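# predicted model and sequence below, questions to follow.
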Amino acid sequence: MSKTDTTGDQGDAKKTSGLLPLSPNPATNLLITDIVVRGASSLFRKNVEKRVAEKTSETQQEARDVLDGRGIITTLGLYGASKLATRSPVGLGIVAGGLVLKTLYDRGKSRRKRLRKARKAD
């Protein structure tokens with residue numbers, strides 16, 4: 001058969017794709033894949049969150065409190081921000097700008113706290 005011959009079996013391309021489907025139903029395969037990817041992503045995210053909290057906290061207890069202290073509002077806010085950031089460049093700009101502002105606020109707050117401690121020590 002030549003490259004332009006279209007009389008061949010179209011199903012052969014699917015069979016040689018390298019993936020072995022678990023189910024003959026594509027919707028079931030997509031569901032299984034989605035669950036596996038979300039599970040792996042969740043485990044990875046939790047591991048990264050734990051490491052970041054441990055490295056940036058002053059004590060182990062503070063790190064645990066940061067990780068365990070999230071309420072439903074915080075969780076929904078994080079979910080909404082991540083959805084906004086991943087759906088459009090404008091959303092990414094809004095979320096990134098908000099994170100920059102929050103970082104600057106936190107740094108200013110930390111600086112004021114250090115200055116107050118220095119004045120009390122004098």
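Done, it's in.

# give me the phi and psi for residue 75.
Per-residue torsions, residue 75: phi -60, psi -50 (degrees, to the nearest 10).

# that one: neighbouring residues, count only.
10 (other CB atoms under 10 Å). All C-beta atoms are positioned from the backbone trio N, CA, C, and that covers glycine.

# per-residue pLDDT of it, please?
As predicted, residue 75 sits at a pLDDT of 84.

# I'd say residue 22 and residue 32 touch.
Yes. The criterion here is CB atoms under 8 Å, and residue 22 meets it with residue 32 at 5.8 Å.

# so which strand or helix has the most centrally placed residue in the chain?
When CA atoms, centre = their mean is applied to the chain, the residue found nearest the centroid is residue 45 (6.0 Å). In this assignment (DSSP states H and E), residue 45 forms part of helix 26-56.

# the following helix or strand past that helix versus helix 26-56: what angle between them?
Note on helix 26-56: by DSSP H and E, the next helix or strand toward the C-terminus is helix 60-68. Here helix 60-68 points in a direction 150 degrees away from that of helix 26-56 (axes from the mean of the first three to the mean of the last three CA atoms, to 10 degrees).

# re earlier: of residue 22 and residue 32, who's got more company?
Neighbours per residue (other CB under 10 Å) separate residue 22 from residue 32, with residue 32 holding more: 13 against 10.

# any idea how far residue 71 is from the more buried one?
Distance, residue 32 to residue 71, by CB to CB, to the nearest Å: 32 Å.
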